[in-house]
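Colleague: I would like to see how this sequence folds:
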Amino acid sequence: MPGNIGTEPLGFAKDGFEALLASSTAPIELRVGASFAGGQARAVTSALSRAAHAIAKMPATFTRYSNSDSQVFGVARGRRVGALATVLDIATLRGWGLIEVPGHLWRAMFRFGSWIEPMLVAEWSRLTRTYADRMKL
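Modeller: A predicted model of the protein is given here:
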């Protein structure tokens, strides 16, 4: 949004996310199967915990079907009490919880992904350009 500069206004970007940025952790280092130790493991655990909370609280809760109060996505929150994310494997990631994508939506995204992804990228670019224009950047 216009005016959002830095991580301060981002609800998910707290201590863990900022620690990953400060340590110059490359996105490729956060791939499935990656291993972490010490401060980096604490930062990854904190960042993923905050991201899981933000996803469950906002888009998963408030994305509704048209003309309905029914939620599109089901969310089952997990509990990661004190455990560090030393390896990003399926068991570790499942510890933060699950999000249920309805079968019909999953199939549509799978079938039309080659059309949907370019459209989403184009719309994101257009929206970002509009924000930059408003901020006179």
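Colleague: In contact with the residue nearest to Tyr65 when sequence neighbours are not counted, which residues are there?
Modeller: Closest residue to Tyr65 apart from its sequence neighbours, by C-beta to C-beta, 6 or more residues apart in numbering: Val72 at 6.0 Å. In this view, the C-beta of every residue, glycine as well, is placed from N, C-alpha and C. Residues in contact with Val72, defined by C-beta atoms under 8 Å, 6 or more residues apart in numbering, are Thr63, Arg64, Tyr65, Pro102, Leu105.
Colleague: hmm, try it at 10 Å
Modeller: Pro59, Ala60, Phe62, Thr63, Arg64, Tyr65, Glu100, Val101, Pro102, Leu105 (C-beta atoms under 10 Å, 6 or more residues apart in numbering).
Colleague: Out of the residues you listed, which end up buried?
Modeller: Ala60 (16 or more other C-beta atoms under 10 Å).
Colleague: Is it possible to get TSV of the contacts of Val72 that adds secondary structure and pLDDT?
Modeller: As requested, the contacts of Val72 are exported to TSV (DSSP: H, G, I helix; E, B strand; the rest coil; pLDDT from 0 to 100):
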residue	secondary structure	pLDDT
Pro59	helix	88
Ala60	helix	89
Phe62	helix	91
Thr63	coil	92
Arg64	strand	93
Tyr65	coil	92
Glu100	strand	94
Val101	coil	93
Pro102	coil	95
Leu105	helix	91
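Colleague: Would you convert the contacts of Val72 into CSV that also reports distance to Arg50?
Modeller: As requested, those are arranged in CSV below (distance: C-beta to C-beta, whole Å):
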residue, distance to Arg50
Pro59, 14
Ala60, 15
Phe62, 18
Thr63, 20
Arg64, 24
Tyr65, 28
Glu100, 21
Val101, 22
Pro102, 26
Leu105, 26
